[in-house]
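Visitor: Would you be able to build a 3D model of this:
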Amino acid sequence: MAELKTEFTRPFRFRMEVVETDDRLPSMRVETEISVSQFQHTLSYKGAFWIECGAWSRFAKALGSLPKGSAMLADMSGYFTLKLYEQAGKLRLSWAFRKEDVAGAMTAMSTVSAEMDDSMLARMRSEFADFPVWWQADC
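Guide: Here you go, the predicted structure:
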């Protein structure tokens with residue numbers, strides 16, 4: 001079986017790998033690592049969450065319509081989003097994470113946004129198109 005992962009290195013390092021699946025509601029638990037380096041700073045994220053397979057399919061399909069329109073991938077709990085969109089005539093990639101602890105006493109959040117060029121978009125399209133889908137793409 002092929003590796004169930006996707007990754008790219010520009011405009012920031014992004015790696016997502018499937019570690020568990022659920023066929024009742026076609027979904028997958030993914031471990032995700034993101035590292036953003038800018039000047040003398042590095043922001044790193046590592047976490048795991050569930051993504052509905054249909055959301056993955058819709059995101060991969062929407063990548064084909066860019067740079068017009070937008071494409072967004074979000075986890076099932078709404079904590080994590082990866083979005084491509086046009087702003088001021090330029091394609092942008094943004095990643096956001098926001099989560100509160102159970103008591104609401106602490107909130108963690110991070111947002112990164114970067115311009116994308118055609119080669120970056122082509123790489124991302126390829127990564128999502130080559131991902132081995134085991135569910136019905138229209139779910």
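
Visitor: And the helix or strand containing R123, how far out from the chain middle?
Guide: Per DSSP states H and E: R123 is located in helix 118-129. Centroid separation between helix 118-129 and its chain, computed with CA atoms, centre = their mean, to the nearest Å, is 13 Å.

Visitor: dump the residue contacts of the closest residue to M116 other than its chain neighbours.
Guide: Spatial nearest neighbour of M116, excluding adjacent residues (CB to CB, 6 or more residues apart in numbering): L91 at 4.4 Å. For glycine as for every other residue, the C-beta is placed from the backbone atoms N, C-alpha and C. By CB atoms under 8 Å, 6 or more residues apart in numbering, the residues touching L91 are L66, P67, L84, Y85, E115, M116, D117, L121.

Visitor: Which of those fall within strands?
Guide: Residues of the contacts of L91 located in strands (DSSP state E): L84, Y85, E115.

Visitor: which residues of the chain score low on pLDDT?
Guide: 1-3, 137-139 (pLDDT under 70).

Visitor: Geometric centre of it: which residue is closest?
Guide: Nearest to the mean C-alpha position of the chain, by CA atoms, centre = their mean, lies L82 at 4.1 Å.

Visitor: returning to that earlier point: how much distance is there from the helix or strand hosting the residue nearest to M116 to the middle of the chain?
Guide: Taking DSSP H and E as the criterion, L91 maps to strand 90-100. Mean-position distance between strand 90-100 and its chain equals 9 Å (CA atoms, centre = their mean).

Visitor: distance of the residue nearest to the centre of the chain from A122?
Guide: 17 Å (CB to CB, to the nearest Å).

Visitor: partners of the strand holding L91 in the sheet?
Guide: Here strand 90-100 is paired, per DSSP bridges, with strand 80-87 (antiparallel), strand 107-115 (antiparallel).

Visitor: What is the burial count for A62?
Guide: 17 (other CB atoms under 10 Å).

Visitor: D101 now?
Guide: Neighbour number of D101 under other CB under 10 Å is 9.

Visitor: Could you do L63 as well?
Guide: 20.

Visitor: Checking T21 next. Helix, strand or coil?
Guide: Three-state assignment for T21 (DSSP: H, G, I helix; E, B strand; the rest coil): strand.

Visitor: Fine, thanks again, bye for now.
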